[in-house]
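> Curious how this folds, go ahead:
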Amino acid sequence: MPKATTSDTTGGVRVHPAARGTGPARGSGFWSVGAVLVLLMLSSSVPSALYVLYQQRWDLSSGAITVVFAVYAVTVLVGLLLFGSLSDTLGRRPVLGAALVLAIVSMALFAGAGGLALLLAARAVQGLAVGLATGAMGAALLELGPRSRPMLGAQVGSAGPTVGIGLGGLGAGLLVQYAPAPTALSYLLLIGAFTLALIGVVRMPESAPGAGGGFRVVPHRIHVPAAVRRRFAVLILTIVAVWSVGGFYLSLGPHLALALLESTDYLVGGATVALLAGAATAAQLLLGRTEALRTALLGLGGLLAGLGLVLLALGLGSAGVFLAATAVLGAGWGAAFLGSFRALSMLADPAHRGELTAAVYVFAYLAMSVPAVLAGRLTNIHGLHRTSVGFMAAVAGVCAVALLATWRLARRARAEGSTT
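Numbers count the residues shown, from 1 in each chain. Predicted coordinates:
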């Protein structure tokens, strides 16, 4: 590994010597990584817009659809925990390159899928690609960000996922409804986009200060310091609520939208995902400078309001109320996640932040996958409408508990003069 004296510091972040300066290579490298982030998240939401079509063509149950979604969430977590720190020693560029190759393979599997088996394989490879890339993308955005705008890397890292999810849902919905080869075209276009992104990554400067240390897999340790476990437990309730909603919308949301709108237009399903993600992005941008716990409280209030509106829409059978509910829910989703994640990241000292972050991701991806699979199974028994009512009511209960606990935590933090 290179000695520390060979690296530079930019905006408080140590970088590789090759990433010094503010020239075109550094700037293009930053935006190449941003494009990879958006593309990976975009590709992850494309299947959500196609689930209804898969279900119809291959006679799949709602339970099978949610299992396909859960496979993605679980393999992202596995990839993140096993390879999340690999880019620290091997380098950002080779890890991102490998992730993009896996992403291209997954798109090819999706494009050629003719049944459940290949769909599951494609989702698994896609999840590993995202898990492998996540740590490298986050670090590279901070290291390659412009010196004149030190917060830009964090802003792109925060907004990129919801922007990608929204664009993926809407774009895939449009292609499925109005273009030929609906189960293949979106993925073929993404193969081209990922290939271009791979060229950009190959040409970007290396920014990891420890690059060149070779291939060394060091699994993320999952650990919550004893001193902060109570606060961690309070804040993790919000993470569970947020990603339970996200998992439901990304797996069964398009089905629910089509049922309420009494539509056969596949664009409706994709637009529902796009509306949720777009509102989340807007809320994150608006509240980016707001104190963490206050942001979480505002988000939880939005989540409760949105869940209440969803329940009202289900009771009335109203498509208009459902769309309004989705927008409110999305805004609460984005704010609650931003606030709770920022508050959680401040609980541990920098030397142990990676261990605590790994614990947060475990809860997030379990919350995204397990409730969605359970909802899919219950849909097979009780139907989509009754299952949705029960699911939203249960998540609303979790949100109410999280809101009360977070309010108490914020009041105690103010009394102690703390921001967490």
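
> And the helices in the stretch 51-200 of the chain?
Assigned by DSSP state H, counting those that start in this stretch, the helices in the stretch 51-200 of the chain fall at 62-83, 86-90, 92-112, 116-144, 152-178, 185-203.

> if we compare those helices, which one ends up closest to Asn380?
helix 62-83 (5.1 Å; Cβ to Cβ). Where C-beta positions appear, they are placed from N, C-alpha and C, glycine not excepted.

> For that closest one, give the mean pLDDT please.
The pLDDT scores in helix 62-83 average 90.

> can you give me the angle that helix makes with helix 92-112?
160 degrees (axes from the mean of the first three to the mean of the last three Cα atoms, to 10 degrees).

> what's helix 62-83 packed up against?
helix 24-58, helix 116-144, helix 229-251, helix 353-382 (3 or more Cβ pairs under 8 Å, 6 or more residues apart in numbering; DSSP states H and E).

> and of these, who's closest to Leu409?
From the helices and strands packed on helix 62-83, taking Cβ to Cβ, the stretch that ends up closest is helix 229-251, at 5.1 Å.

> C-terminal to the closest one, what's the next element?
Heading C-terminal from helix 229-251, the first helix or strand you meet, by DSSP states H and E, is helix 253-261.

> now what about that following helix, what contacts it?
48-49, 51-52, 55, 62, 263-265, 268-273, 276, 313-314, 317-319, 322, 326, 384-385, 388 (Cβ atoms under 8 Å, 6 or more residues apart in numbering).

> Any idea how far it is from the middle of the chain?
Between the centre of helix 253-261 and the centre of its host chain there is 22 Å, according to Cα atoms, centre = their mean, to the nearest Å.

> do stretch 48-60 as well
What separates the centre of stretch 48-60 from the centre of its chain is 22 Å, taken as Cα atoms, centre = their mean.

> Repeat that for stretch 405-420.
Here stretch 405-420 shows a centroid-to-chain-centroid distance of 27 Å under the convention Cα atoms, centre = their mean.

> Any buried residues in that stretch, and which?
Applying a neighbour-count criterion of 16 or more other Cβ atoms under 10 Å, one finds Ala405, Thr406, Leu409, Ala410, Ala413, Thr420 buried in stretch 405-420.

> contacts for that stretch?
Identification of contacts with stretch 405-420 by Cβ under 8 Å, 6+ apart yields 231, 234-235, 237-238, 291-294, 296-297, 300, 340, 343, 346-347.

> those strands in the stretch 201-350 of the chain, which residues are they?
Secondary structure of the stretch 201-350 of the chain (DSSP state E, counting those that start in this stretch): no strands located.

> buried ones in stretch 274-291?
Taking 16+ other Cβ under 10 Å as the basis for neighbour counts, the residues of stretch 274-291 that come out buried are 274-284, 287, 290-291.

> would TSV of those with distance to Leu86 and pLDDT be doable?
Converted to TSV, the buried residues of stretch 274-291 look like this (distance: Cβ to Cβ, whole Å; pLDDT from 0 to 100):
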residue	distance to Leu86	pLDDT
Ala274	32	91
Leu275	36	94
Leu276	32	93
Ala277	28	91
Gly278	33	92
Ala279	34	95
Ala280	29	93
Thr281	29	91
Ala282	34	93
Ala283	33	94
Gln284	28	89
Leu287	33	90
Thr290	34	90
Glu291	34	92
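
> Keeping just the C-alphas, turn stretch 329-346 into PDB.
Listed in PDB are the C-alpha atoms of stretch 329-346, where the atom choice follows Å, rounded to 0.1, in the frame of the first residue of the first chain:
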ATOM      1  CA  LEU A 329     -45.700   9.300   1.100                       C
ATOM      2  CA  GLY A 330     -42.700   9.800  -1.100                       C
ATOM      3  CA  ALA A 331     -41.800  13.100   0.400                       C
ATOM      4  CA  GLY A 332     -42.000  11.600   3.900                       C
ATOM      5  CA  TRP A 333     -40.000   8.600   2.800                       C
ATOM      6  CA  GLY A 334     -37.200  10.800   1.400                       C
ATOM      7  CA  ALA A 335     -37.000  13.100   4.500                       C
ATOM      8  CA  ALA A 336     -37.300  10.300   7.100                       C
ATOM      9  CA  PHE A 337     -34.500   8.300   5.500                       C
ATOM     10  CA  LEU A 338     -32.200  11.400   5.100                       C
ATOM     11  CA  GLY A 339     -32.700  12.500   8.600                       C
ATOM     12  CA  SER A 340     -32.500   9.100  10.300                       C
ATOM     13  CA  PHE A 341     -29.500   8.000   8.300                       C
ATOM     14  CA  ARG A 342     -27.600  11.300   9.100                       C
ATOM     15  CA  ALA A 343     -28.500  11.000  12.800                       C
ATOM     16  CA  LEU A 344     -27.300   7.300  12.800                       C
ATOM     17  CA  SER A 345     -24.100   8.100  11.100                       C
ATOM     18  CA  MET A 346     -23.200  10.600  13.900                       C
END
